[in-house]
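1. fold the following.
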Amino acid sequence: MYQANRRFPTAAGKREIHSLVPLDLTFRLKAEHGSEVLLNRRISERVETIGRITYLERLSPAERTRLAEACEFRDFDEGAELFAEAAPAAGIFLVLQGRVKLVRSSAEGREQVLHEEGPGATLGEVPAFDGQGYVATAIAVGRTSVFFVPRAPLLEAIERNPASARAVIAVLAARVRKFAALAEDLSLRPVTERLAGYLVREAARTGLRELTLPLTRDQLASHIGTVREQVSRALSQLKKEGLIDVQGRRATVLELERLRLRAGSGHRS
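-> Numbers count the residues shown, from 1 in each chain. Okay, the predicted model is just below:
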């Protein structure tokens, strides 16, 4: 079956030639063209997203395009694992929407939240660069969207770009400082001070004085390296001091400056 595709006037403008094209070929060409446009749009989105990763923004447009072909967007429901502790590192993740917590677990099942990250943060650099397993398990806190960059093409891109390699060093140095602060909290600060510090950080992150605590006291305890009984006592103590008010999962910061002082140094903002 054929259709008259288009009329082409001659140079004299007096005759018309009807170009006949099979309909199935017409539809196939349209489908292929649509797929190509869609593919190009997806590659363009990936290229733009790569530029949002601090140490990859220095890549040339050609390098970004080459790397983008291997990347992908992924969505996770609340509680889903992005990757598991000790699993071989497949690549890094850029958080686009939602939040992700990094958790280590003991043989007894006790958890410690190392850190929790939101949009703009990258996860998985250390194992991606040293070739060993993931340091912790990454769990979605609510519905979460991420951008995944596979390890092999990532390393190739960075090896060709010294400026990106230097930027990676800065990112890893910041992680070392963060974990040093965590080690100080866990080893040197009482539970009440650690809880005060957690509440100060949450108030700074959300810009709110009324905070929603984790679903259970066990989950809250995992953020500050303790057990639920200690968390309950610390909440009661901060409430008794007039720094916060607690109603179920709602904690209202009443005296932010005093709460900062209660948290000790390292929680000034």
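2. enumerate every residue touching the residue nearest to A89 when sequence neighbours are not counted.
-> Excluding the flanking residues, the one nearest A89 by C-beta to C-beta, 6 or more residues apart in numbering is P127, at 3.5 Å. Quick note: C-beta positions are derived from backbone N, CA and C, even for glycine. Applying C-beta atoms under 8 Å, 6 or more residues apart in numbering to P127 gives the contacts 89, 133-135.
3. neighbouring contacts of stretch 179-187?
-> For stretch 179-187, the surrounding residues in contact (C-beta under 8 Å, 6+ apart) are 114-115, 194, 197, 224-225, 266.
4. helix, strand or coil: sort out V141 for me.
-> Secondary structure assignment for V141 (DSSP: H, G, I helix; E, B strand; the rest coil): strand.
5. for the one 3 residues further on, same thing?
-> Classification of T144 by three-state DSSP places it in strand.
6. okay, the residue nearest to it when sequence neighbours are not counted: pLDDT?
-> In space, T144 comes closest to G98 once its chain neighbours are excluded; the distance is 3.1 Å by C-beta to C-beta, 6+ apart. We note a pLDDT of 96 for G98 in this prediction.
7. whichever helix or strand H115 is part of: what's the following helix or strand?
-> In this structure, H115 sits in strand 111-117 according to DSSP states H and E. Using DSSP H and E, the helix or strand that follows strand 111-117 towards the C-terminus is strand 122-123.
8. now the nearest residue to P214 once chain neighbours are set aside: which helix or strand?
-> Take P214 and drop its neighbours on the chain: the residue closest to it by C-beta to C-beta, 6+ apart is L220, 4.6 Å away. In the assignment (DSSP H and E), L220 maps to helix 217-224.
9. could you dump the contacts of stretch 179-187 into JSON lines with neighbour count added?
-> Formatted as JSON lines, the contacts of stretch 179-187 follow (neighbours: other C-beta atoms under 10 Å):
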{"residue": "L114", "neighbour count": "18"}
{"residue": "H115", "neighbour count": "17"}
{"residue": "R194", "neighbour count": "24"}
{"residue": "G197", "neighbour count": "22"}
{"residue": "I224", "neighbour count": "24"}
{"residue": "G225", "neighbour count": "19"}
{"residue": "G266", "neighbour count": "13"}
